[in-house]
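Visitor: compute the structure for the input listed below.
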Amino acid sequence: MQETSFYATLKLITGEEILAEVSPCEENETDFFLIDNPIVINETTQIDHQKGVAISGLLPKKWMLYSSDSMSLINRSHIISMSELDKFGLEFYFKALISAKLSSPIKRKVESKDNIGYVGTIDECRSELEDLFNDSPNLPES
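Guide: Residues are numbered from 1 along each chain as shown. Coordinates of the predicted model:
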């Protein structure tokens, strides 16, 4: 059963903090969360020695940099804490999500035809096999 989704920040047992759209799910008596468009925010700090100041900024990145799918599953037992985003957090998330997607090494969804393991659709394979059979010189007479 899938309940309604909401936007939240999740703190994982790995120490990562993720911002994402979260949908609670349960299947076969196992609780998990379906997260969509998860991002992490890294804080960067640079020191300007000439001016004597520290400059910090936030760098949003996709949680799984090389994934072409925007959804992931997280087992409930891997989450330490979760908090729903307020209005400010939601505005920040949507702006950061755009930046994270633009900086991602994977900028488009990979179609299965482009993958090495792609063999073809059933209709394409059936047609090719029928053509091979029909063009075969050893056709039995009917």
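Visitor: could you report the separation of the closest residue to L85 other than its chain neighbours from R76?
Guide: With sequence-adjacent residues excluded and distances taken as C-beta to C-beta, 6 or more residues apart in numbering, L85 is closest to Y7, at 4.5 Å. From N, CA and C alone the C-beta is placed, and that goes for glycine too. Noted for Y7: a distance of 18 Å to R76, by C-beta to C-beta, to the nearest Å.
Visitor: other SSEs contacting the lengthiest strand in the chain?
Guide: Ranked by number of residues, the top strand in the chain under DSSP state E is strand 30-48. The elements that strand 30-48 packs onto, with contact taken as 3 or more C-beta pairs under 8 Å, 6 or more residues apart in numbering; DSSP states H and E, are strand 17-27, strand 53-62, strand 71-75, helix 87-103.
Visitor: identify the residues contacting the longest one?
Guide: Contact with helix 87-103 is made by Y7, T9, L19, N37, I39, I41, L58, P60, K61, K62, L85, K107, as judged by C-beta atoms under 8 Å, 6 or more residues apart in numbering.
Visitor: for the third one, same thing?
Guide: In this structure, residues lying in contact with strand 71-75 by C-beta under 8 Å, 6+ apart are 10, 12, 25, 30-36, 38, 63-64.
Visitor: which among those end up buried?
Guide: Of the members of the contacts of strand 71-75, the ones counted as buried by neighbours, 16 or more other C-beta atoms under 10 Å, are L10, F32, F33, L34, I35, P38, W63.
Visitor: and the residues you listed, which two are the farthest apart?
Guide: The two members of those with the most space between them (C-beta to C-beta) are F32 and W63, at 15.8 Å.
Visitor: so which of the buried ones among the contacts of strand 71-75 is the closest to Q50?
Guide: Each of the buried ones among the contacts of strand 71-75 was checked against Q50 using C-beta to C-beta; the closest is W63, at 36.3 Å.
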